[in-house]
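Below: sequence and its predicted model.
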Amino acid sequence: MRLNLCKIFIVKLVHFLRQNWLRFAVSITFLICIWPNRYAPHYPYIASDEILDELIERTTPNVTQQFAGKLSCDYNNVISENQFMYREPYISTLLDGSDIRLGGEWMPSTCAPKYSTAVIVVYRQREKQLDAFLTYIHNFLRKQLIHYRIFVIEQYDQKPFNRAMLFNIGFVYASQFDFPCLILHDVDLMPMNLGNLYVCTRKPRHMCSSLDKFRFNLLYHGLFGGVVSMETKVYQFINGMSNKFSGWGGEDDDFYERLQAKKIDICRFGPDHSQYTMLKHNQEAPSENRIAFLSNGSLRYNTDGLNSLEYKEKEVKLHKLFTHVLAIT
Ligand code: UDP
Ligand code: MN
């Protein structure tokens, strides 16, 4: 009896699927698309209570001198409280900007900062995003009690946008100020958690591993774009990024491969400390030659990068909230 019922059920199910196969296929596809775990959701990360030990304590020489003998800032609370920052008024209003120095530099006044970071932002023709970024990032970073300076590297010419080359140019200017730590930053990414300290870790760090565009999941382990941090000396050691990737795509994967080739591992903070939101924009068309450059990238690590960088400096200007480098690639 039970066997018969089972048989009838299966026959009916098969019949139903035959009649409705299109609807069924659409529903399954839809379910897969909205399934929250469809991207690699888990990844190894530095636990919140271990973050402090992983940070590299170093400041620029002028800051080291200026704060000699003064009490160091305490970063325990910033990390453990991990305040959610992406809300009013931080996102829309610059909160008392009088203490930001010309050129977009800031340091705390009440305690000695332990860290100095150059935030390098690559940019062209995204005025609204740049305005939003500058306002928010100064509100965000000042709460972290670190010493930092914002460099905006703008591509002046109309050739395809060369993100990687602009970061190499950023390195040149950050080095002039002896910054020991670089953060390479897209203009459209906003960090949401204050515990995501804008400071270099012992290993280079992929900082935006929990991005809303990917429903807060990590796409693949080797993803190393968007926002990354790295000691200046490590960036130099791997010869920076390739100058060849003009147009969208590939340069971040090539950058990751450069680290791998030198046996340098990367790290991440946990999802709670790595949330970002990406401001909306149209997707750029991928460049056609990115796959070819990526596949033979390893042949060029020693000859294509910082040591082959060629550009013209159109202008360097100190604005209230940033140091502006206008470059011809
Ligand atoms: N970018 C820019 N202007 C452009 C193209 C790119 O300023 O016309 C910069 C900007 O910082 C941006 C980053 O390059 O965030 C990466 O480009 P995009 O946001 O298009 O890449 P995706 O969001 O696909 O990673
Ligand atoms: Mn983007």
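Looks like it came in fine. Ligands and ions are numbered 1, 2, ... in the order given.

List the contacts of stretch 47-66.
For stretch 47-66, contacts defined as CB atoms under 8 Å, 6 or more residues apart in numbering pick out 46, 67, 75-76, 79-80, 82, 107, 113-116, 147, 177-181, 195, 197, 199-203, 231, 267, 269-270, 272-273. To be clear about C-beta, it is placed using only N, CA and C from the backbone, and glycine gets the same treatment.

Ok, stretch 225-232 next?
56, 117-118, 171, 174-175, 179-186, 189, 191, 198-201, 204-208, 211, 251-253, 255, 276.

Just those residues: which are in strands?
117-118, 181-186, 189, 191, 205-206, 211, 276 (DSSP state E).

three-state assignment of G195?
Taken by DSSP: H, G, I helix; E, B strand; the rest coil, the conformation at G195 corresponds to coil.

for it, what are its contacts?
Applying CB under 8 Å, 6+ apart, the residues near G195 are 48, 51, 78-83, 269, 272-273.

try 10 Å this time
For G195, the contacting residues are 48, 51, 75, 77-85, 144, 269-270, 272-274, by CB atoms under 10 Å, 6 or more residues apart in numbering.

excluding its backbone neighbours, what's nearest it?
Excluding the flanking residues, the one nearest G195 by CB to CB, 6 or more residues apart in numbering is N82, at 3.3 Å.

okay but D265 is in contact with G222, surely?
No. Between D265 and G222 there is no contact, the gap being 11.2 Å when judged by CB atoms under 10 Å.

more crowded one of those two?
G222 (13 against 9; other CB atoms under 10 Å).

Tell me, how many residues neighbour the residue nearest to that one when sequence neighbours are not counted?
In this structure, G222 finds its nearest non-sequential neighbour in Y256, 5.1 Å apart by CB to CB, 6+ apart. Using other CB under 10 Å, Y256 is surrounded by 20 other residues.

Return stretch 280-297 as PDB; C-alpha atoms alone will do.
The C-alpha trace of stretch 280-297 is given here as PDB (Å, rounded to 0.1, in the frame of the first residue of the first chain):
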ATOM      1  CA  LYS A 280      26.700  53.000  -6.700                       C
ATOM      2  CA  HIS A 281      28.300  53.400 -10.200                       C
ATOM      3  CA  ASN A 282      28.100  51.800 -13.600                       C
ATOM      4  CA  GLN A 283      30.200  48.800 -14.200                       C
ATOM      5  CA  GLU A 284      33.300  49.700 -16.300                       C
ATOM      6  CA  ALA A 285      33.800  47.600 -19.400                       C
ATOM      7  CA  PRO A 286      36.600  45.000 -18.700                       C
ATOM      8  CA  SER A 287      39.800  45.600 -20.700                       C
ATOM      9  CA  GLU A 288      40.500  43.100 -23.500                       C
ATOM     10  CA  ASN A 289      44.100  42.500 -22.800                       C
ATOM     11  CA  ARG A 290      43.800  41.900 -19.000                       C
ATOM     12  CA  ILE A 291      43.700  38.100 -19.300                       C
ATOM     13  CA  ALA A 292      46.900  38.000 -21.500                       C
ATOM     14  CA  PHE A 293      48.800  40.400 -19.200                       C
ATOM     15  CA  LEU A 294      47.700  38.300 -16.200                       C
ATOM     16  CA  SER A 295      48.800  35.000 -17.600                       C
ATOM     17  CA  ASN A 296      52.300  36.200 -18.500                       C
ATOM     18  CA  GLY A 297      52.600  38.600 -15.500                       C
END
